[in-house]
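Student: would you be able to build a 3D model of this:
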Amino acid sequence: MNAVNCGVFLNPAAEGYPELLRQVDAAERGGLDLVGIQDHPYQPRFLDTFALIADLLARTERLRFFPAVANLPLRPPAMLAKVGASLDVMSGGRFELGIGAGAFWDGVAAMGGPRREPGESVEALEDAIEILRLAWGGERSVTYEGEHHSVRGFKPGPPPAHSIQIWVGAYKPRMLRLTGRLADGWFPSFGNAGPDAIPEMRRRLDEAAVRAGREPSDVRRIYNLSGEITDGEERGRLQGPPSHWVEALAGFRRELGFDDFVFGPGGNDPVRQIELFAAEVVPGVRQALGEEG
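Tutor: Reported below is the predicted structural model:
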């Protein structure tokens, strides 16, 4: 099984920007691996996620960043390929791409984006993944004719500094099958996919991977968990002392097959939450799993 990576999931609210910088600094100092930032361009309170990631990559040295997840209807795949490769080059290989089929269609349409039916949004995501793979694969010119996205003689570049992974936020059967066939990672959130729902989702994803000639382990599983590290006794599945979090995450790893975890800090002091997660939870999980570091 892959070594466990752990990180944080952050809110790009403009009024919280100074606090967000402190949270990222805590993650960097704490030795965490990942930072995911939600992408809702139609949300007037939010900074643009890709501009923010560029800023944060410039302020850090080791953390990897990814949009969690990029809003495809408002970010055409050729432009995603360009900005993703650019961020990867400038950061020395610290950008990964989380991507989704889209949601909140009223907001998308208000910004001039398409209003797609569920099946159409999955088709569009498949087109996008194909274009991204071609753009990042060293081709001098890319032509692809899809149902919803096409490029004709697109000259990609610069090439990314490393092989950028594509992690898909997927919940429903068709999206899970697409993830199993084409993606490098699966990024569900606890709030939309609790532990009881995961085995059936995982079965669909794994079956699709095998039918595509892949190993299920080719798809990395990253669980997005929002909660609070507290003093005293457990007060909920994702609310309790560090020992409770260690037990929960180690269980999610052993029983549900997750490789990595991204923590959305709750409570009134997110910086302290991230410090506790990095200093007590992550080492405890790795020790429980028999890993070093």
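Student: and Ala26, how many neighbours does it have?
Tutor: 22 (other C-beta atoms under 10 Å). Using the backbone N, CA and C atoms, a C-beta is placed for each residue, glycine as well.
Student: check which element follows the helix or strand hosting it along the chain.
Tutor: Using DSSP states H and E, Ala26 sits within helix 17-29. Downstream of helix 17-29, the first helix or strand assigned by DSSP H and E is strand 34-37.
Student: what's that next one packed up against?
Tutor: Here strand 34-37 is seen to pack against strand 6-10, helix 49-59, strand 64-67, strand 260-265 when contacts are counted using 3 or more C-beta pairs under 8 Å, 6 or more residues apart in numbering; DSSP states H and E.
Student: contacts for that strand next, please.
Tutor: 5-12, 24, 27, 49, 52-53, 56, 63-68, 96, 98, 187, 222, 224, 260, 262 (C-beta atoms under 8 Å, 6 or more residues apart in numbering).
Student: so how do I select the buried members of those in ChimeraX?
Tutor: In ChimeraX syntax, the buried subset of those is picked out as below (16 or more other C-beta atoms under 10 Å):
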select :5,6,7,8,9,10,11,12,24,27,49,52,53,56,63,64,65,66,67,68,96,98,187,222,224,260,262
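Student: the residue of the chain most remote from its centre: what secondary structure?
Tutor: No residue in the chain sits farther from the centre than Gly232, which is 31.1 Å out by C-alpha atoms, centre = their mean. Following DSSP: H, G, I helix; E, B strand; the rest coil, Gly232 is assigned to coil.
Student: excluding chain neighbours, what is closest to it?
Tutor: Nearest residue to Gly232, sequence neighbours excluded (C-beta to C-beta, 6 or more residues apart in numbering): Pro241, at 6.6 Å.
Student: tell me the contacts of the one you found?
Tutor: Pro241 is in contact with Ile229, Thr230, Asp231, Gly232, Glu233, Glu234, counting by C-beta under 8 Å, 6+ apart.
Student: do that again at 7 Å, thanks
Tutor: Thr230, Asp231, Gly232 (C-beta atoms under 7 Å, 6 or more residues apart in numbering).
Student: now swap in Leu52 and tell me
Tutor: Listed by C-beta under 7 Å, 6+ apart, the contact set of Leu52 reads Pro12, Ile37.
Student: what about it, distance to Pro12?
Tutor: 5 Å (C-beta to C-beta, to the nearest Å).
Student: and the helix holding Ala26, how far from the chain's centre?
Tutor: Between the centre of helix 17-29 and the centre of its host chain there is 18 Å, according to C-alpha atoms, centre = their mean, to the nearest Å.
Student: packing partners for it?
Tutor: strand 6-10, helix 270-276 (3 or more C-beta pairs under 7 Å, 6 or more residues apart in numbering; DSSP states H and E).
Student: now the angle from that helix to strand 6-10?
Tutor: 180 degrees (axes from the mean of the first three to the mean of the last three C-alpha atoms, to 10 degrees).
Student: tell me where the protein has helices.
Tutor: Applying DSSP state H to the chain gives helices spanning 17-29, 49-59, 77-91, 105-110, 118-136, 173-182, 198-211, 242-256, 270-276, 282-288.
Student: how about TSV for those helices, with distance to Pro160 and mean pLDDT added?
Tutor: As requested, the helices of the chain are exported to TSV (distance: least, C-beta to C-beta, whole Å; pLDDT from 0 to 100):
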stretch	distance to Pro160	mean pLDDT
helix 17-29	22	98
helix 49-59	13	98
helix 77-91	4	98
helix 105-110	27	97
helix 118-136	6	98
helix 173-182	18	98
helix 198-211	24	98
helix 242-256	29	97
helix 270-276	28	98
helix 282-288	27	97
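Student: just put those helices in TSV and tack on distance to Gln165.
Tutor: Below are the helices of the chain laid out as TSV (distance: least, C-beta to C-beta, whole Å):
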stretch	distance to Gln165
helix 17-29	19
helix 49-59	15
helix 77-91	10
helix 105-110	25
helix 118-136	10
helix 173-182	12
helix 198-211	15
helix 242-256	19
helix 270-276	23
helix 282-288	21
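Student: how about those, which one is nearest Tyr42?
Tutor: helix 105-110 (3.1 Å; C-beta to C-beta).
Student: hmm, back to that, nearest to Gln38, of the helices of the chain?
Tutor: Closest among the helices of the chain, using C-beta to C-beta: helix 49-59, at 7.0 Å.
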